[in-house]
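Q: sequence below, structure please.
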Amino acid sequence: MTADHSIRPISISVHAARLSYAGAALFDALDFALPAGQTTCLLGPSGVGKTSLLRLVAGLEGAGAVVCSDGGKLPGRYAWMAQQDLLLPWLTVTGNLMLGARLRGERPDRARADGLLQLVGLAGRGDDRPASLSGGMRQRAALARTLMEDRPVVLMDEPFSALDAITRYQLQDAAAELLAGRTVMLVTHDPLEALRLGHRIHVMAGRPARLDEALEPAGHPPRDPRDPAILALQAELLTRLVSAKAATA
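A: As a prediction, the model looks like this:
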């Protein structure tokens, strides 16, 4: 199974994003854009508001205008992948993948679910319950469930952070393949992950927070982490993150 190129990508513009917590502004009058069909990665120190900004784009909290390039509304057209797998323990793996369709009253596509499970390395595990899977396998199932939703926009909050290095690397490859052509916003703490997957990378810093000028690595995801150019950009991002932490303290 490869990326579904039949979905028309949309760009997203966020205007005057605003959110306060405990009386302090996490961000205020913040404008930024998510280009159509690209992955935009967001880095920054803990507590700066990365997850909150992702939730604002999703319409879950905060204030601001979220505008889609085709004039439509974003709710109902994005898939969400959280840090935790959030699999329902009483459903099978396949049941978890097909839950969204069932809740919407749609006919679940079992063949698509099976294909996605094969792609993420879970062929033959569709009838298992989540409790029988390892942590890495559960995260693979969560990725397959996100892709099962087949939405033009995907919002991901540190989806691979709890995984071992090899599983993370493999899932990055799978995500890059299957999310090609989608408009993705990915929050991560890992500069190398951002460089492997992102078309544009921002560092978020300050109180209220701002996004710095986008770093745009050459080439297409997933990039080779051994590439000297990627390693040099990793050093640059680490320098930016050190400055961001000082600006946010």
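Q: distance between stretch 149-158 and the chain's centre?
A: Stretch 149-158 has its C-alpha centroid displaced from the chain centroid by 6 Å (C-alpha atoms, centre = their mean, to the nearest Å).
Q: pull up the distance across stretch 212-220, start to finish.
A: End-to-end distance of stretch 212-220 (C-alpha to C-alpha, to the nearest Å): 22 Å.
Q: I meant stretch 220-236, not that one.
A: So stretch 220-236: terminal residues 19 Å apart, C-alpha to C-alpha.
Q: show me what counts as buried in that stretch.
A: By neighbour count on 16 or more other C-beta atoms under 10 Å, the buried set for stretch 220-236 is 221-223, 230, 233-234. Every C-beta, even on glycine, is put in place using the N, C-alpha and C of the backbone.
Q: cool, stretch 77-95 as well?
A: 77-81, 83, 85, 87, 92-95.
Q: equivalent analysis for stretch 115-124, please.
A: 115-117, 119-120, 122.
Q: filter those down to just the ones in helices.
A: Among these, the members falling in helices (DSSP state H) are 115-117, 119.
Q: and the lowest-mean-pLDDT helix or strand in the chain, what does it pack onto?
A: One helix or strand of the chain scores below all others by mean pLDDT, DSSP states H and E: helix 165-178, with a mean of 88. Helices and strands touching helix 165-178, by 3 or more C-beta pairs under 8 Å, 6 or more residues apart in numbering; DSSP states H and E, are helix 110-119, helix 135-148, helix 191-197.
Q: if I look at residue 159, how far off is residue 172?
A: Taking C-beta to C-beta, to the nearest Å as the measure, residue 159 falls 10 Å from residue 172.
Q: swap that for residue 221, please
A: Going from residue 221 to residue 172 by C-beta to C-beta gives 8 Å.
Q: next, show the common contact partners of these two.
A: Jointly contacting residue 221 and residue 172 under the rule C-beta atoms under 8 Å, 6 or more residues apart in numbering are 196-197.
Q: quick one: contacts of the longest helix anywhere in the chain?
A: Across the chain, the longest stretch assigned as helix under DSSP H is helix 228-248. For helix 228-248, the surrounding residues in contact (C-beta under 8 Å, 6+ apart) are 43-45, 47-48, 191-192, 194-196, 201, 203-207, 209, 212, 215, 217-218, 223-225.
Q: ok, now which ones touch residue 190?
A: 160-161.
Q: no no, residue 12
A: Residue 12 makes contact with 33-34, 57, 66-69, 74, 153, 183, according to C-beta under 8 Å, 6+ apart.
Q: just the ones of these in strands?
A: 33-34, 66-68, 153, 183 (DSSP state E).
Q: which of the residues you listed are buried?
A: 34, 66-68, 153, 183.
Q: is it possible to export the residues you listed to TSV including distance to residue 165 and pLDDT?
A: Formatted as TSV, those follow (distance: C-beta to C-beta, whole Å; pLDDT from 0 to 100):
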residue	distance to residue 165	pLDDT
34	28	96
66	35	92
67	38	92
68	36	92
153	29	95
183	28	96
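Q: now the helices and strands packed on helix 165-178 in a markdown table, with mean pLDDT and distance to residue 100?
A: Shown next, in a markdown table, are those (pLDDT from 0 to 100; distance: least, C-beta to C-beta, whole Å):
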| stretch | mean pLDDT | distance to residue 100 |
| --- | --- | --- |
| helix 110-119 | 92 | 11 |
| helix 135-148 | 90 | 7 |
| helix 191-197 | 96 | 24 |
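Q: and the closest residue to residue 123 other than its chain neighbours, how far from residue 163?
A: Spatial nearest neighbour of residue 123, chain neighbours left out: residue 117 (5.9 Å); criterion: C-beta to C-beta, 6 or more residues apart in numbering. Distance of residue 117 to residue 163, given as C-beta to C-beta: 17 Å.
Q: I appreciate the help and will end here.
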